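Asker: The sequence and its predicted three-dimensional model are supplied below.
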Amino acid sequence: MGVPAPAKALRRFPTGRLAFVALIIVVMGDGAGRVALAGPVEDAVKGLASPSGETILANIKQLSTLGDPRGIAALQALTDDRLRVGADGNAWIYDKKTRDLVDPFTGAAAPPSAKPAREVETDNDIRRAAEPVLAELQLGSPEASVRLGAAQELSRSGSEGVGALLHRALDREKDKGVQDALAMAVARVDVGSNDANLRLAAVKLIQKSGNDEMLGELQRLLGVGADGKPNEPDDRVRDGAQDALKAVMNRRRLITGIGSIIHGLSLASVLLFAALGLAITFGLLGVINMAHGEMLMLGAYATYAVQTFFQSHLPNFFGLYLFAAIPVAFFVTFGVGVLLERVVIRHLYNRPLETLLATWGISLLLIQSVRLIFGAQNVAVANPDWLAGGVELAHGLVLPYNRIGVVAFVIAVSVAVWALLYKTRIGLNVRAMTQNRNMAACVGIHTRRLDSWMFGLGSGIAGLGGVALSQLGNVGPELGQSYIIDSFMVVVLGGVGRLAGAIVSALGLGIVNKLLEPVAGAVLGKILVLGFIILFIQRRPQGLFAIKGRTEA
């Protein structure tokens, strides 16, 4: 058998020159590179840039036959009107971000020889042909996220033949998350099938998943038409739909309950920030500080001021502004607390009514001062990028990163306060003053100075609560008014001056409030909680954790 002429020529070509020519082909990377790497998929993609609609349709069919996911980018560009034919006759994708042409396989920028390029003309027939092929290729993509998106899109498309496509994809899928999405896509398609067995299998899939996206379809199957006959003629399918409906509603109630607990934990965290400060000031000084809620507000506005500073002067470090806001908020509110104690509170000890009225007036003064400085409208504090988004625990249940951050923050602050009160000399003096102020003064404790520091510490902790609160919603002048009453309830229920009591009661009240809201409403829920606290205090006036007296270490 004779050797082909090209092969004979290569045999006569010196090896070094052959390597040099190969290197030139690789370095050129444009026309030469495309010829060297040409194959069925490359040819089909190039055919998508044809001026003939029939040729484009033929190459779309060819890509479907090949099933190679490398054709995804070109097909996506074709359906989005971003496919271009270059001056070199090759297909290129127009990148809207860079406003340049890129290779449909590698994403590399097009060489000058590809320009100028013209847009590939498409019509509805081409798009209708390309979309199911694009979805089919995406279902074969090595990336799970691409397959997941294709499954979700196909389940809503209603394209002809999509059921068989989804069934084949489900049979070969290994990823659990994509399997679940494909199963729901199959159920969404099959629930409208003319085959009763397919409809029955679909409602069983819905029952297994408990996904409430299919709630409308289940209600349709169980409904009755205008003629009084059931919409679903098959008894087996109706029974299955009834069971599936129960499963969906049970799962929805479970998701709602878990969501309420998650939101209750974040509310409990904010209450705990406020209650920790009150537990110190109220337990140590016996002062009913009606301006304590405004320390939350000042801490939130301090966070807003730091955010504004970073936006204007340090935009490249904006993601770190929250770390700077924490000490700023603490020291601002600490300073305000020390100032209030020395100027006002110190002169009103053992006069509870005057103290209450004075601190209420101070709260109004602080609110109006903030209105004059920042305006009466609420301001928005943005979450840093690392606190944006969340973790999807289940369909319809997302645990936001900002709420996770708030809970972690309050745990860290609680540990720090516990260490201060129970592992330091200052904490020992504070506990001594709480139990017997006169005896503590007799043994040399500087009670006046400690009063100022502890009042400032309580205010500073509330300021940290303002930092946390700014990550959960907008910030306004009356922000603290929403939390002061609940904070006092936490302190009274937990036991005056008791850190453990404040933690337990804050968690309890926060979660119970959120669990009662969907059932009884926000107002009635608070009334029920308040009624319970009143009854509890009647039975146990010292709260959950009472001070043990002189024997406590």
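Answerer: Here it is on my side, so go on. Residues are numbered from 1 along each chain as shown.

Asker: Give me the residue ranges of the chain where confidence is low.
Answerer: For the chain, the stretches flagged by pLDDT under 70 are 1-38, 152-163, 283-284, 394-396, 496-499, 522, 545-553.

Asker: the strands in it, which residues?
Answerer: Per DSSP state E, the chain carries strands over the ranges 83-85, 91-95, 100-102, 118-119, 390-394, 397-400.

Asker: give the contact list for R403.
Answerer: Residues in contact with R403 (CB atoms under 8 Å, 6 or more residues apart in numbering) are I262, H263, L265, S266, G390, L472. Glycine gets a C-beta too; all of them are placed from N, C-alpha and C.

Asker: how about a cut-off of 7 Å?
Answerer: Counting by CB atoms under 7 Å, 6 or more residues apart in numbering, R403 makes contact with I262, S266.

Asker: Compute the distance between it and Y321, please.
Answerer: R403 sits 19 Å away from Y321, going by CB to CB, to the nearest Å.

Asker: ditto for A91
Answerer: Taken as CB to CB, the span from A91 to Y321 is 45 Å.

Asker: These two: which has the busier surroundings?
Answerer: Higher neighbour count among A91 and Y321: A91, with 27 against 20, using other CB atoms under 10 Å.

Asker: I'd assumed A73 was in contact with the more buried one.
Answerer: No. When contacts are counted by CB atoms under 7 Å, A91 is not listed as touching A73 (10.0 Å).

Asker: Need the residues touching each of those two.
Answerer: Common neighbours of A91 and A73 (CB under 7 Å, 6+ apart) are P104.

Asker: Let me see the domain layout of this protein.
Answerer: Domain assignment for the chain by automatic domain parsing gives 17-125, 140-233, 276-484.

Asker: Distance from the first one to the middle of the chain?
Answerer: This means domain 17-125. How far domain 17-125 lies from its chain's middle: 38 Å, per CA atoms, centre = their mean, to the nearest Å.

Asker: Can you list the residue ranges for helices in the stretch 51-200 of the chain?
Answerer: Here the stretch 51-200 of the chain has its helices, by DSSP state H, counting those that start in this stretch, at 53-66, 72-79, 124-139, 144-157, 162-172, 176-190, 196-209.

Asker: angle of the third one against helix 162-172?
Answerer: With axes from the mean of the first three to the mean of the last three CA atoms, to 10 degrees defining the directions, helix 124-139 sits at 20 degrees from helix 162-172.

Asker: same check, this time on the last one
Answerer: Here helix 196-209 runs at an angle of 50 degrees relative to helix 162-172 (the same axes, to 10 degrees).

Asker: How about helix 196-209, which residues are buried there?
Answerer: Residues L198, R199, L200, A201, A202, V203, K204, L205, I206, Q207, S209 are the ones in helix 196-209 that count as buried (16 or more other CB atoms under 10 Å).

Asker: and the nearest residue to L278 once chain neighbours are set aside, how far is that from A500?
Answerer: Of all residues not flanking L278 in the chain, V491 sits nearest, at 4.7 Å (CB to CB, 6 or more residues apart in numbering). Per CB to CB, V491 is found 12 Å from A500.

Asker: Same drill for these two, tell me which one is more crowded.
Answerer: Neighbour count, other CB under 10 Å: between V491 and A500, V491 has more, with 28 against 14.

Asker: Go ahead and confirm that one touches F282.
Answerer: Yes. Counting by CB under 7 Å, F282 is a contact partner of V491 at 5.8 Å.

Asker: Let me see the contact set for G177.
Answerer: A144, L148 are the contacts of G177 under CB under 7 Å, 6+ apart.

Asker: I'd like the distance between the nearest residue to H263 once chain neighbours are set aside and A520.
Answerer: Nearest residue to H263, sequence neighbours excluded (CB to CB, 6+ apart): K514, at 5.0 Å. K514 is 12 Å from A520, where distance means CB to CB.

Asker: residues near G444, how many?
Answerer: Quick note: G444 (other CB under 10 Å) scores 7 neighbours.

Asker: go on, the one 4 residues further on?
Answerer: Counted with other CB under 10 Å, the neighbours of R448 add up to 11.

Asker: dump the residue contacts of it.
Answerer: Per CB under 7 Å, 6+ apart, neighbours of R448: none.
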